[in-house]
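1. Mind looking at a prediction? Sequence and model below.
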Amino acid sequence: MVKKVTPKNNSAKSGLIKTEEDKINKRGRRSTREIVTVTGMRDILPQDQRYWHAVKKVAEKIAADYGYGLIDTPVLEPVDLFVRGVGKQTEVVEKEMFAFKDQAGDELALRPEATASVVRAYVQHGMLNQSQPVKFFYQGPMFRHEKPQSGRHRQFFQFGFEAIGEANPALDAQLILMGWNSLNELGIESVIQVNSIGCPNCRDNYRKELVKYYRSKSKLLCENCRKRLTTNPLRILDCKEEECQKLKDESPQVLDYLDDDCKKHFMKVIEYLDELDLPYVLNPFIVRGLDYYTKTIFEYWSTDDQEGKNALGGGGRYDGLVKLLGGREETPACGLAMGLDRIVAKMREIDLEIKDEFQPDVFIAQIGEAAKKKVMVLYEKLRQCEDFRVAQAFYKDSLKNQLDLANKLKVKLTLILGQKEFGDGTILIRDMEGGIQEEINFSRAEQEIRKRLLKYKENGANVPPETNKLKIDNN
RNA sequence: GUGGCUAUGGUGUAGUGGUAACACAGCAGUUUGUGGCACUGUUAUCGAGGGUUCAAUUCCCUCUAGCCACCCCA
């Protein structure tokens, strides 16, 4: 801690009690001199990484399975990309974007989502000349300046899949499946909410009908929704107010206003979902907040989340976006994004056991300089063995400390090399559970480890008791 | 952006108008060649700033952050 290093009255003596820096760094419950994370942003600590790692691994696997190639796009993009792509009127762009001018006066923004960037890359690199669709997988931090609360942070992580250059509804269905599979393979039960908002034409017709309907009932609407009537009528369907909810039931439904093409497309998607036996619900009331969506839209709600308050992911088709961002041709596309933070939160909530992949099996302890040197070399050899993992603490001298550590690491075996063994050309191998140790020939260490670990597996003793019992904390 | 609740060691909590107690974790030691047990020591200017008071961690105000709701979304 900073405090320990700093003499107690340092700041007082030097008259620096209230520097500008102190004011800036003053955050939350921490001491004035301590610098902490920016509001809404957080550290993901080593002990929590296994959840994130597990999610990323599944995402990578799904991407590979379905042939989606990883793309990394910059975190910083021109503001214009999102203003044009996501939509100027959207909440995300209008009030939630981290936007600023850099030293050169360029207007930049931390990306609030990735689809626009991926489409930008597609256009910028002339990928319409590759075989279509071009399939992308991405993963990384997004930024939105919202008021933080559970499941909502100013820096949050998403992974997603985008397929650009294909209009076939089979693509929509497959993407929906991919998102669902991601959750499923992590052990999270979810229900897919599907809807179609049609192409811009259908939507215009629908919007008119909707306004007509609600205008006649405007007295019953909440104040917000009355405003929405002119600004964004589709959002009324999203309102949680009881009265508005009631009106919703008899409101005109988008699906009735789809033109033949859009209707056919949607029916096909549904047909495929049925065939794949996916748990979906036709939800005419999901309205996504980004302007680029057309036709199919969908969200993933955890089974216990009836209102979709914390959707785990969502996506849809965006047939107009490529053109909008400067693409020469009308290019259909479809994609989805999943929220890592919410998925991880859900995993912790339902107490999913995630085993630590980096759990060591063996610890190497040493006593004395000569032994330390010898065992350092041995370790370099053993750490390259693929079938077990070795830990050590050569920076510690006392055997007690080292065994203590071995115990905390929950290794099954510990190798111990001291003066005596060094002289004899042997090494001790200690079974941590039983506390029994045996002297073996130094050169046989590796095969002896293998032999014993195998025995552990056979005995079913490889289920470590109480390993990694999860604690839920909300940092 | 609006509203509500909250803020005590690393973590989880107790407590009082006279500068703080407990549990766990950490480190050191009892044991300089042996972990899991036990014991000992050690770890907090009680979120920040200001006010009331002889005295504030305790009362009041402001700020900040966290949580929750609205809004919105992943």
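-> On my side now, so go ahead.
2. Name the residues that touch stretch A:243-256?
-> Stretch A:243-256 is contacted from outside by A:195-198, A:202-203, A:206, A:209-210, A:213-214, A:217, A:220-222, A:225, A:236-237, A:239, A:263, A:266, A:282, A:284-285, using C-beta atoms under 8 Å, 6 or more residues apart in numbering. All C-beta spots, glycine's among them, are computed from the backbone N, C-alpha and C.
3. In strands only, show me those.
-> Among the contacts of stretch A:243-256, the ones falling in strands (DSSP state E) are A:195-196, A:282.
4. number of nearby residues for the nearest residue to residue A:311 once chain neighbours are set aside?
-> The shortest distance from residue A:311 to any residue other than its chain neighbours is 4.5 Å, reached at residue A:299 (C-beta to C-beta, 6 or more residues apart in numbering). Applying other C-beta atoms under 10 Å, we find 22 other residues in the vicinity of residue A:299.
5. again, but for residue A:283
-> 18.
6. from what I can see it touches residue A:195, true?
-> Yes: counting by C-beta atoms under 8 Å, residue A:195 is a contact partner of residue A:283 at 5.5 Å.
7. element containing residue A:438, please.
-> strand A:437-441 (DSSP states H and E).
8. ah, wrong one, I meant residue A:380
-> Assigned by DSSP H and E, residue A:380 belongs to helix A:369-382.
9. and the next helix or strand after that helix, does that touch RNA strand B?
-> Next helix or strand after helix A:369-382 toward the C-terminus (DSSP H and E): strand A:390-392. No: using C-beta under 7 Å from any atom of the strand, strand A:390-392 never reaches RNA strand B; the gap is at least 13.4 Å.
10. sorry, back to before: which other helices and strands does the helix holding residue A:380 contact?
-> In terms of contacts (3 or more C-beta pairs under 8 Å, 6 or more residues apart in numbering; DSSP states H and E), helix A:369-382 is packed against strand A:362-366, strand A:390-392, strand A:413-417, helix A:419-424, helix A:445-458.
11. Report the angle between that helix and helix A:445-458.
-> 60 degrees (axes from the mean of the first three to the mean of the last three C-alpha atoms, to 10 degrees).
12. how about helix A:369-382, does it get close to RNA strand B?
-> No: shown here: helix A:369-382 not in contact with RNA strand B (C-beta under 7 Å from any atom of the strand), separated by at least 7.8 Å.
13. Would you mind giving the orientation angle of that helix with respect to strand A:413-417?
-> Going by the same axes, to 10 degrees, helix A:369-382 makes 140 degrees with strand A:413-417.
14. Enumerate the positions of helix A:369-382 that are buried.
-> Of the residues in helix A:369-382, A:371-372, A:374-375, A:378-379, A:382 count as buried by neighbour count, 16 or more other C-beta atoms under 10 Å.
15. any chance of the residues you listed in TSV, plus distance to residue A:442 and pLDDT?
-> Shown next, in TSV, are the buried residues of helix A:369-382 (distance: C-beta to C-beta, whole Å; pLDDT from 0 to 100):
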residue	distance to residue A:442	pLDDT
A:371	11	94
A:372	14	94
A:374	8	95
A:375	10	95
A:378	8	96
A:379	13	96
A:382	12	96
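16. quick check, nearest of the residues you listed to RNA strand B?
-> residue A:371 (7.8 Å; C-beta to the nearest atom of the strand).
17. How many residues are close by the closest residue to RNA strand B within chain A?
-> Closest contact between chain A and RNA strand B, by C-beta to the nearest atom of the strand, is at residue A:289 (1.0 Å). Neighbours of residue A:289 under the rule other C-beta under 10 Å: 17.
18. Could you do residue A:167 as well?
-> Residue neighbour count, defined by other C-beta under 10 Å, stands at 17 for residue A:167.
19. and it, that's in a strand?
-> No: the assignment for residue A:167 (DSSP: H, G, I helix; E, B strand; the rest coil) gives coil, which keeps it out of a strand.
20. Surely it touches residue A:319?
-> Yes: with contact defined as C-beta under 8 Å, residue A:167 reaches residue A:319; the gap is 7.1 Å.
21. what's the overlap in contacts for those two?
-> Joint contacts of residue A:167 and residue A:319 (C-beta under 8 Å, 6+ apart) are residue A:332.
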